[in-house]
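Q: coords please:
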Amino acid sequence: MVEQRGESGDEDAEPGFDERLARLEEIVTVLEGGGLALEPSIERYREGVELLKSCRDLLGGYRKQVEELTRDAEAGLTPYAGDPDVSAGDGQD
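A: From the prediction side, this is the model:
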């Protein structure tokens, strides 16, 4: 099984999607609380924007993986030529 980044326990590994999303939620909670001064608020906001971008990038990559896996799975379901279980009226070539 392939390990996702951030799950290996390696301190230098980038955080995974779940860790990034959790941090983003923390930032939103802090910013909504309104207890920060302007400069720290801007820093948190900037961090949140970067986390949002990275989460979107990760989701895009996962989406592509799912699409590829789905295509592979559907290709594996294509009956072979001469399959006796497929009737001639099923539209299969």
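Q: could you say what helices and strands whichever strand or helix holds Ala73 packs with?
A: Counting by DSSP states H and E, the element that carries Ala73 is helix 38-76. For helix 38-76, the elements it packs on are helix 17-33, judged by 3 or more C-beta pairs under 8 Å, 6 or more residues apart in numbering; DSSP states H and E. From N, CA and C alone the C-beta is placed, and that goes for glycine too.
Q: how big is the angle separating the helix it packs on from helix 38-76?
A: 150 degrees (axes from the mean of the first three to the mean of the last three C-alpha atoms, to 10 degrees).
Q: Check which residues of helix 17-33 are buried.
A: Phe17, Arg20, Leu21, Leu24, Ile27 (16 or more other C-beta atoms under 10 Å).
Q: Now do the helix or strand bottoming out on mean pLDDT in the chain: distance to the chain's middle.
A: Lowest on mean pLDDT, DSSP states H and E among the helices and strands of the chain sits helix 38-76, with a mean of 94. From the chain centre to the centre of helix 38-76 is a distance of 5 Å (C-alpha atoms, centre = their mean, to the nearest Å).
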